[in-house]
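Undergrad: Here is my input; please provide its structure:
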Amino acid sequence: MAVRLFEGKQHAAAYLQYRVAPHELINRIMSFMEKKTEKQFTLAVDVGCGSGQGTILLAPYFTKVVGTDVSPAQLEMALANSNPPNVSYRQCPAEELPFASGEVDLVTAMTAAHWFDCQRFLQEADRVLRPGGCLALVSYTMDMELEYGDISDKLNDICKEFYAALLPFRNPYLGSSSVKIYLDMFASCPYPDKEWNECLHVKRTLPLSGYIGMVETFSSYQLLQQKDPAEAERLSNDIRNKLLSTMKVSSADTEVTLIVKYFYWSACKP
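TA: Here you go, the predicted structure:
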């Protein structure tokens, strides 16, 4: 099953503005590659690249990096971004990559593979990877947390209210957590040399409004917004006001620490 989402221009713009670029994960992926294969880092392909935040993080390590996505709106945002000269983008499905067999050194998908036709994608990744090339899939759980002084637990109780309100709008394909999809893909990957990793906490300091904005990019929030725009706005405002009241501040520009819980797996093609 391949699922097409994140294709509206406003959603794509919010995705570019609010999603976290996980450079810590890139460091881990490259460390895995350097241990497993000869240092032939010519071409990396970032599948389901969205607006390119993760794609550009690969640029220092490869001669050429190509981000691919099925969404024209997402690629428009990626192209509008400040891209290194060795980064380019192509529109295509994850299951039909425009590369020759054995041409690619690294295939990545960052917070995207759960929307792919998983078995077809794994077969396509295997086709384009060279022997010794690597596949790395990255995602995170929905339960992001906030840190702020000594009231972090109170803030996270409010965050849980946000997630609980969105749960009925979560795509049933994902279930209550996308971790199982990635575990199933990991089990299906035929490469004997592979590693599963959970959970890496990535911390970012950002305005409280940035946290709200990131949750609003979730597919569950977007579905609520499509079905009932007034209720979506009411929910965001209610959560924002509760957080501000608990923090005893008046401005959503007040900075908090966001904790995103990533998991990922890497595999090396024989």
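Undergrad: got the contact list for residue 240?
TA: 208, 209, 212, 252 (Cβ atoms under 8 Å, 6 or more residues apart in numbering). C-beta: built from backbone N, CA, C; applies to glycine.
Undergrad: which stretches of the stretch 1-150 of the chain form helices?
TA: Remark: helices assigned in the stretch 1-150 of the chain by DSSP state H, counting those that start in this stretch are 9-18, 23-36, 72-80, 118-128.
Undergrad: Now do the strands in the protein.
TA: Remark: strands assigned in the chain by DSSP state E are 43-47, 64-69, 87-91, 104-110, 129-140, 145-147, 193-207, 255-268.
Undergrad: between the second one and strand 87-91, how many degrees?
TA: Relative orientation of strand 64-69 and strand 87-91, computed by axes from the mean of the first three to the mean of the last three Cα atoms, to 10 degrees: 30 degrees.
Undergrad: do the last one as well
TA: Angle between the axes of strand 255-268 and strand 87-91 is 80 degrees (criterion: the same axes, to 10 degrees).
Undergrad: Work out the gap between strand 255-268 and the centre of the chain.
TA: 9 Å (Cα atoms, centre = their mean, to the nearest Å).
Undergrad: Distance check, residue 188 against residue 106.
TA: Computed as Cβ to Cβ, to the nearest Å, the residue 188 to residue 106 distance reads 19 Å.
Undergrad: Need the residue closest to the centroid of this protein.
TA: The residue lying closest to the centre of the chain (Cα atoms, centre = their mean) is residue 111, at 2.7 Å.
Undergrad: check contacts around it.
TA: Contacts of residue 111 (Cβ under 8 Å, 6+ apart): 19, 48, 50, 54, 138, 139, 140.
Undergrad: distance between the biggest helix by length in the chain and the chain's centre?
TA: Criterion DSSP state H: the longest helix present in the chain is helix 229-247. Remark: helix 229-247 is offset 24 Å from the chain centroid, using Cα atoms, centre = their mean.
Undergrad: For residue 36, see how far away residue 56 is.
TA: 24 Å.
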